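Visitor: Predicted model and sequence follow; I will ask about them next.
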Amino acid sequence: MASLRELWEAAARAGMPVGDWVCQEEAKRTATDTEQLRRRMRGMWRIFHESAAEGSADADKTPSGLTGGDAQRMTRYTPQFLGEAAWRAATNGMAVSEANAKMRRIVACPTAGSCGILPAVLLTLESRLDVPEEDFIRALFTAGAVGDIIAENAMIAGAVGGCQAECGTAIAMAAAAGVEVCGGTTGQMDDALALGLKNVLGLVCDPIGGLVEVPCVKRNAFHAVHALVAIELALAGVHSVVPGDEVIGAMAQIGRMIPKSLRERSEAGLATTPTGCVYARKIQGRRARHPLGGNDAEPSDV
Ligand code: SF4
């Protein structure tokens, strides 16, 4: 599918929910049956649950000492200002991202760096809505199609287009999928993903020490809440002046203009702050001692 507009129109012509239409077309393309594809997607949905639960339960730091234990800290905390949904989304976004930093099993949706956003949003909706699991499975097909269209027309890797490409795409996927689960229209799905993606245009990728930890883990928490806001705005009838396809085009243009030093090279931004450099030297030192990339650090070592 070349564009969001074509996706919305094709589903409407077929008289099907977007996710069902995507599943049907994927079955045709891969000469398999829709039930098999749904089974595979149910497996991913299970991994969403597992990675969120594992990340929330694990209080340990990562080997680098940069992250870890914050999702668990959030589960023990009673929020003073956030509502239950925003608190849950932030906690799960961080939990799945911490699970990734600890090399646990996650679903890259669309990438490992942004893996917490889609699960956090959908698990939050699951906790609030009385809808069958199949609605979430359907929404995962929609999320996948949105990610495919962005990959086709722009980029989804921080190394190519900055963090707007990774986290921005995850926000767009979560926003469209979330609106579908809530029973919104394709117009509202387009609005939600456009609003969410617009708001992170230009976001750079500057991870400390080249690890997907800082700013990535906490960024997943913030952006899960961000996607929830996009869903709420769209469901309320707030319209994006610029349609989704054009926002994706803008993201592609901006991605090409972001300096290479701010595209996952860790040569600028947070990565080269005095603190970032201290961590980077420690991480490099360990890599030198462990040519295969092993890491013998204790959290307090950094
Ligand atoms: S900062 Fe870079 S590595 Fe981290 S999530 Fe964003 S794109 Fe991925």
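Guide: Yes, it's here.
Visitor: Extract the residue ranges of the stretch 151-300 of the chain that are flagged as low pLDDT.
Guide: Applying pLDDT under 70 to the stretch 151-300 of the chain flags residues 290-300.
Visitor: If we use 50, what do you get?
Guide: Along the stretch 151-300 of the chain, the model assigns pLDDT under 50 to residues 293-300.
Visitor: now the helices for it?
Guide: Applying DSSP state H, counting those that start in this stretch to the stretch 151-300 of the chain gives helices spanning 158-161, 163-181, 186-198, 216-235, 244-257, 274-289.
Visitor: which residues sit in contact with Leu37?
Guide: 23, 26-27, 30, 141 (CB atoms under 8 Å, 6 or more residues apart in numbering). In this view, the C-beta of every residue, glycine as well, is placed from N, C-alpha and C.
Visitor: from the residues you listed, which single one is nearest Ile106?
Guide: Distance to Ile106, by CB to CB, is smallest for Phe141 among these, at 19.0 Å.
Visitor: Test my guess that the closest one contacts Asp20.
Guide: Yes. Contact criterion CB atoms under 8 Å: Phe141 and Asp20 qualify, at 7.5 Å.
Visitor: So what's the gap between the longest helix along the chain and the chain middle?
Guide: Longest helix of the chain, by residue count under DSSP state H: helix 34-57. How far helix 34-57 lies from its chain's middle: 15 Å, per CA atoms, centre = their mean, to the nearest Å.
Visitor: Enumerate the positions of it that are buried.
Guide: For helix 34-57, the neighbour count (16 or more other CB atoms under 10 Å) marks 37-38, 41, 44-45, 47-48, 50-52, 54-56 as buried.
Visitor: and the helix or strand just after that helix, what other elements does it pack with?
Guide: Downstream of helix 34-57, the first helix or strand assigned by DSSP states H and E is helix 70-76. Secondary-structure packing of helix 70-76 (3 or more CB pairs under 8 Å, 6 or more residues apart in numbering; DSSP states H and E): helix 34-57, helix 84-101, helix 216-235.
Visitor: right, so of the ones you listed, which gets closest to the ligand?
Guide: helix 216-235 (3.3 Å; CB to the nearest ligand atom).
Visitor: rewinding a little: which of the helices of the stretch 151-300 of the chain sits most buried?
Guide: Sort the helices of the stretch 151-300 of the chain by mean neighbour count, taking mean count of other CB atoms under 10 Å, and helix 163-181 sits at the top with a mean of 31.
Visitor: okay if I get the helices of the stretch 151-300 of the chain as TSV plus distance to the ligand?
Guide: Conversion of these to TSV gives the following (distance: least, CB to the nearest ligand atom, whole Å):
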stretch	distance to the ligand
helix 158-161	3
helix 163-181	3
helix 186-198	14
helix 216-235	3
helix 244-257	11
helix 274-289	12
